[in-house]
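Asker: I'd like to go over a predicted model; first the sequence, then the structure.
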Amino acid sequence: MSATYWLGNLAAWSAQVVALVAAGAGAVWIFRLRAPRVRLAFWQALLAVCLLLPAVEPRRRAAGSEIGISMGAATPVAPQRGQANLPPWREALLMVLASGCAARAVWLAVGFGKLRRWRRDARAFAPLPARLDELRAAIAPAAAVRLSASVSGPVTFGLWRPVVVLPGGFGDLPADIQEAIVCHELLHVRRRDWIVTVVEQAIRAVLWFHPAVWWVIGQIQLTREQTVDGAVVAMTGNREQYLNALLAMAGDRPGLDLAPAALFLRRRHLKDRVALLLKETSMSKRKLISFCATSCGVFIAAGWLALHTFPLQAAPAPQEQEAGKLLLHSVASKYPEAARAKHIEGPVVLEVHIDAAGRVSDAKVISGAEELRSAALEAILQWHYSPQAMTLPAVTQVTMNFKLPAGGEGESRAAMALPPDWHGTLKSIRIDGLTPAARGELLSRLPAHEGDAMNADGMATLEQVVRAFDEHLKLSLSPDEPHTLRIYLGAAGGGAPTRIRIGGNVQQAKMLVKVPPVYPPDAKAQGIQGVVRLQAILGKDGKVEHLELTSGDALLAAAAMEAVRQWQYQPTLLNGNAVEVATEIDVNFTLTP
């Protein structure tokens with residue numbers, strides 16, 4: 001999957017999260033939700049929904065797809081994509097995102113190292129005052145209580161060996177303040193809040209660039225501390241004592257939030273925690289039900305709007321059809337005499353560009369013997385894929401296996417030409433040169449069947465249907481009565497083709513004279529630049545005989561066509577005879593600073 005796919009989906013998901021967080025914050029504000037336990041559950045559920053959203057929402061199917069086929073084995077192969085040529089701003093954005101994740105990962109690693117040093121260097125708080133020892137036995141008997149001069153405030157961490165690290169001067173605080181602080185930290189141990197804190201920090205490290213995620217995690221941390229504050233007041237029965245403990249810790253020098261641990265006090269949370277402690281917070285059952293019902297409705301509406309406004313795109317999936325279902329027809333390559341003389345065999349791997357009509361618009365050789373490459377390119381450019389079996393346009397890899405041929409050329413067939421008063425009966429319909437799947441599809445579309453009486457108009461209609469199915473097909477009718485109708489590839493005719501299609505990359509290598517276009521003054525004044533794409537017919541002598549504009553700005557097209565008409569290519573030979581060439585030419589206009 002390409003970087004463009006990831007960046008696009010990341011931007012869409014980020015917008016979805018902003019919409020959901022805004023809806024959640026609005027619901028909390030409307031209901032004046034103050035109960036910390038309910039707020040904590042609400043913010044945690046909101047964060048979980050945001051993180052799980054990409055895993056549960058349906059993806060919009062991407063327009064493009066890749067197909068990999070090994071024509072030699074006639075079985076699908078794993079698709080391969082070359083490196084995407086990303087614009088500079090996308091490359092820079094990818095580097096910034098990756099660098100930010102790496103920096104946050106280093107930040108976390110340093111934080112864990114700091115926790116390890118605190119545990120190692122801290123000394124045991126002994127003897128532990130009797131009241132504090134009773135609290136530890138009642139709340140979290142497995143927790144160790146230690147003192148360290150390295151911490152500015154109480155810190156609690158550890159899952160299997162939890163430890164409460166207190167500042168070195170903690171023993172000098174009044175007994176009631178010590179009791180309130182230790183009770184708070186031990187409740188964190190009992191609730192196993194440290195592991196939740198680590199998960200939150202990991203989420204922050206990955207999504208460091210998303211302000212809505214940071215804000216939600218900040219709300220979770222605040223409401224978690226407010227929940228524990230309420231539990232401490234309920235356990236000690238002394239609200240004033242706990243407020244004094246908060247203010248006492250607020251007077252200490254602030255420390256950097258580096259360690260992934262539950263800190264007793266973050267200065268940015270002090271005002272909200274004190275304000276909530278000074279109020280009686282209760283929520284009736286009726287109000288709680290109303291809040292939950294309304295929040296669900298708001299989330300559903302906001303989620304629906306976000307998903308439809310910023311949908312995620314599905315990854316381009318390989319199309320696993322059999323080769324026979326993908327191809328309408330393939331032209332067998334002719335073994336080069338130079339390769340035959342040297343007994344050269346083996347695979348030639350080509351990258352093939354298929355247009356919206358299923359025709360091969362361009363191709364280039366990725367690997368293979370030099371003596372076999374031209375023959376592979378000449379053949380592949382005459383292939384035609386089924387638009388019904390594929391998502392087009394597309395890029396695919398084809399492996400063409402060359403083996404020394406055994407057998408002659410196909411029989412010659414005459415073109416169909418009927419007088420206006422012709423009529424007859426179809427004895428049989430034969431289709432040669434198509435795969436079984438394509439043959440069945442064509443038969444189902446034909447307006448005539450075996451045994452039908454036909455006239456010249458009916459045969460003309462039938463020929464139009466065949467040509468609409470594949471422009472390379474021809475028809476012939478046997479002279480006997482009843483008649484046999486044959487449908488076959490034009491390449492199988494008795495005469496050699498007078499015009500072949502060659503990709504732009506291949507034809508460019510044969511250029512002899514290239515006249516650069518003159519930049520139109522009007523386009524230059526307006527800052528217009530870009531690519532002008534032309535369909536060209538090259539004569540047997542290599543000169544440009546016909547040009548047709550495919551795409552490009554009108555101000556640039558005239559200058560491009562005037563220059564290209566003066567270009568000269570080497571004559572293209574097929575079996576030693578010069579042929580006309582249909583190709584695609586791109587003229588790039590770029591303003592220099």
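Answerer: Looks like it arrived, so ask away. Since the model is a prediction, treat every value here as computed from it, not as a measurement. Residues are numbered from 1 along each chain as shown.

Asker: any idea which element Arg533 lies in?
Answerer: Taking DSSP states H and E as the definition, Arg533 sits inside strand 530-538.

Asker: Sort out which residues of stretch 483-490 are buried, please.
Answerer: By neighbour count with 16 or more other CB atoms under 10 Å, stretch 483-490 contains the buried residues His483, Leu485, Arg486, Ile487, Tyr488, Leu489, Gly490. Backbone N, C-alpha and C define where each C-beta goes, glycine included.

Asker: Just the pLDDT for the last one.
Answerer: On pLDDT, Gly490 comes in at 60.

Asker: How about the third one?
Answerer: According to the model's per-residue confidence, Arg486 sits at a pLDDT of 82.

Asker: In its sheet, which strands sit next to the helix or strand where it lies, and in what direction?
Answerer: Using DSSP H and E, Arg486 sits in strand 483-489. If you go by DSSP bridges, strand 483-489 pairs up with strand 423-431 (parallel), strand 473-477 (antiparallel).

Asker: Nearest approach to Val18 belongs to which of the ones you listed?
Answerer: strand 473-477 (55.0 Å; CB to CB).

Asker: Now find how far off-centre that closest one is within its chain.
Answerer: Centroid separation for strand 473-477 versus its chain: 45 Å, with CA atoms, centre = their mean, to the nearest Å.

Asker: And for stretch 508-528?
Answerer: Put simply, stretch 508-528 sits 35 Å off its chain's centre (CA atoms, centre = their mean).

Asker: And the helix or strand just after the strand holding Arg533, what's buried?
Answerer: Using DSSP H and E, the helix or strand that follows strand 530-538 towards the C-terminus is strand 544-551. Neighbour counts over strand 544-551 (16+ other CB under 10 Å) mark Val544, Leu547 as buried.

Asker: What of stretch 178-185?
Answerer: Buried residues in stretch 178-185, counted by 16+ other CB under 10 Å: Gln178, Glu179, Ala180, Ile181, Val182, Cys183, His184, Glu185.

Asker: And the pLDDT at the fifth one?
Answerer: Read it as Val182. pLDDT at Val182 comes out at 88.

Asker: out of everything not next to it in sequence, what's closest to Ala523?
Answerer: In this structure, Ala523 finds its nearest non-sequential neighbour in Leu555, 4.1 Å apart by CB to CB, 6 or more residues apart in numbering.

Asker: Am I right that that neighbour is in a strand?
Answerer: No. Counting by DSSP: H, G, I helix; E, B strand; the rest coil, Leu555 falls outside a strand, being helix.

Asker: Count the residues that sit near it.
Answerer: Residues lying near Leu555 (other CB atoms under 10 Å) number 18.

Asker: I figured it was touching Gln526, is that so?
Answerer: Yes. Contact criterion CB atoms under 8 Å: Leu555 and Gln526 qualify, at 7.5 Å.

Asker: Tell me how far the closest residue to Pro516 other than its chain neighbours lies from Ala554.
Answerer: Of all residues beyond its chain neighbours, the one nearest Pro516 is Ala563 (6.4 Å), with distances taken as CB to CB, 6+ apart. Applying CB to CB, to the nearest Å, the value for Ala563 to Ala554 is 16 Å.

Asker: and if you look at Ile366?
Answerer: Counting by CB to CB, the gap from Ile366 to Ala554 is 37 Å.

Asker: Tell me which of those two has more neighbours.
Answerer: Ile366 (14 against 11).

Asker: quick one: which helix or strand includes that one?
Answerer: Counting by DSSP H and E, the element that carries Ile366 is strand 360-367.

Asker: Go ahead and name everything in contact with that strand.
Answerer: 347-355, 373, 376-377, 380-385, 393, 397, 501, 503-506, 584 (CB atoms under 8 Å, 6 or more residues apart in numbering).

Asker: now swap in stretch 128-136 and tell me
Answerer: Residues outside stretch 128-136 that contact it (CB under 8 Å, 6+ apart) are Phe125, Ala143, Val145, Ala175, Gln178, Glu179, Val182, Cys183, Leu186.

Asker: ok, the nearest residue to the first one once chain neighbours are set aside - contacts?
Answerer: Pointing back at Phe125 there. Sequence neighbours aside, Val145 is the residue nearest to Phe125 in space, at 4.6 Å (criterion: CB to CB, 6+ apart). Counting by CB under 8 Å, 6+ apart, Val145 makes contact with Ala124, Phe125, Leu128, Leu132, Arg136, Val163, Val164, Leu166, Val182.
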